[in-house]
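Asker: Pasting a predicted model and its sequence here:
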Amino acid sequence: MTDAWHYEQFDRAGSAIGFRITGKLDEVQSPFQKIEIYGSTDWGNLMLIDGAMMLTARDNFLYHEMMSHPALFTHADPKRVVIIGGGDCGTLREVLRHPGVRSATQCDIDEQVTRMSEKYFPELCESNGDPRAELLFDDGIAYMANCEPGSVDIVIVDSTDPVGPAEGLFNKAFFESCHRALKDDGILVQQSESPLVLLDLIREMRAEMGKAGFASFQTLPFPQPCYPTGWWSCTLAKKAANAGFGFREADARARPFPTRYYSAEVHKGAQALPPFVAEALAG
């Protein structure tokens, strides 16, 4: 029997990646996008949205841990966290591992992403019933625009690529809403694509954040095998100029929960950007 494979081509990267699959498990067309679930021989279940790989059971911990723990350990005392997007609930789970967090609101426009995650990635949804968790299925852009000023410690934008429903999450107007909702010492986190082939997008995103009032930035790369080039990043932004991004290293080392990728040492290492990335982002 010939092995079946699912291939995804990345035009902007001039490359493709494939997964050996055992078959399609489910498919749903929501009002916003098509969501597909496949089984695979080596990567567990796979979720695709509009044909683009969103996550695999095998490697999603890399993304979810780096989207959450660096920011939460950088902030002095994060209590209220808002996640825009993140419908698979993996970032929510990681945020709620921090005992000091009092509330975590996840606002994703597409309820079907969460329902498919509950069914096919139940391990990511372990914290959905946490009393500190609030799951909203609504427009994240409108949610941030209506947030009470100075009411949030950390905003995590766990979005898909800047197309379709996520297109409005990468511009000045949205970042202005985040800036207004954050406290003075608040941190914005945005998934920021591949630093290998999408540096222009990272530069543009940081420029839009700057126009919105953010003045200090830190981009942290990390491996992500199921995404274009296998190398991804998140970008942290603060309001104050020349704000440092030192983190609570002792707390990170003594974290009272398990991680598979994140550690104080990994955090420090991610802060040391390769020269070609540092030079591009400094310009």
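Answerer: Thanks, I have it.

Asker: quick one, helices of this protein?
Answerer: 60-74, 90-95, 111-120, 140-145, 172-181, 199-211, 249-253, 264-271, 275-282 (DSSP state H).

Asker: got the contact list for the shortest one?
Answerer: Counting by Cβ atoms under 8 Å, 6 or more residues apart in numbering, the neighbours of helix 249-253 from elsewhere in the structure are 69, 73, 262-264, 267-268. C-beta: built from backbone N, CA, C; applies to glycine.

Asker: how's the chain carved up into domains?
Answerer: As assigned by automatic domain parsing, the chain contains the domains 4-56, 60-282.

Asker: mind putting these in CSV, mean pLDDT and mean neighbour count included?
Answerer: Output for the domains of the chain, formatted as CSV (pLDDT from 0 to 100; neighbours: other Cβ atoms under 10 Å):
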stretch, mean pLDDT, mean neighbour count
domain 4-56, 95, 16
domain 60-282, 94, 19
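
Asker: circling back to that earlier point, can I get the contacts of helix 249-253 in TSV with distance to Ser127?
Answerer: Formatted as TSV, the contacts of helix 249-253 follow (distance: Cβ to Cβ, whole Å):
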residue	distance to Ser127
His69	14
Phe73	18
Tyr262	16
Ser263	21
Ala264	23
His267	22
Lys268	27
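
Asker: Send me stretch 199-208 as CSV with only the CA atoms.
Answerer: This file holds the C-alpha atoms of stretch 199-208, laid out as CSV (Å, rounded to 0.1, in the frame of the first residue of the first chain):
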residue,chain,number,x,y,z
LEU,A,199,11.8,39.3,8.4
ASP,A,200,10.1,42.0,6.4
LEU,A,201,6.7,41.0,8.0
ILE,A,202,8.3,41.2,11.5
ARG,A,203,9.8,44.6,10.8
GLU,A,204,6.4,45.8,9.5
MET,A,205,4.6,44.4,12.5
ARG,A,206,7.0,46.1,14.9
ALA,A,207,6.6,49.4,13.0
GLU,A,208,2.9,49.2,13.4
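
Asker: what about it, distance to the chain center?
Answerer: Centre-to-centre, stretch 199-208 and its host chain are 16 Å apart (Cα atoms, centre = their mean, to the nearest Å).

Asker: Now flag whichever of the contacts of helix 249-253 is closest to Pro228.
Answerer: Closest to Pro228 out of the contacts of helix 249-253 is Tyr262 (22.1 Å), distances taken as Cβ to Cβ.

Asker: which residues does that closest one contact?
Answerer: Contacts of Tyr262 (Cβ under 8 Å, 6+ apart): 65-66, 69-70, 252.

Asker: Repeat that for Ala16.
Answerer: Applying Cβ under 8 Å, 6+ apart to Ala16 gives the contacts 7-10.
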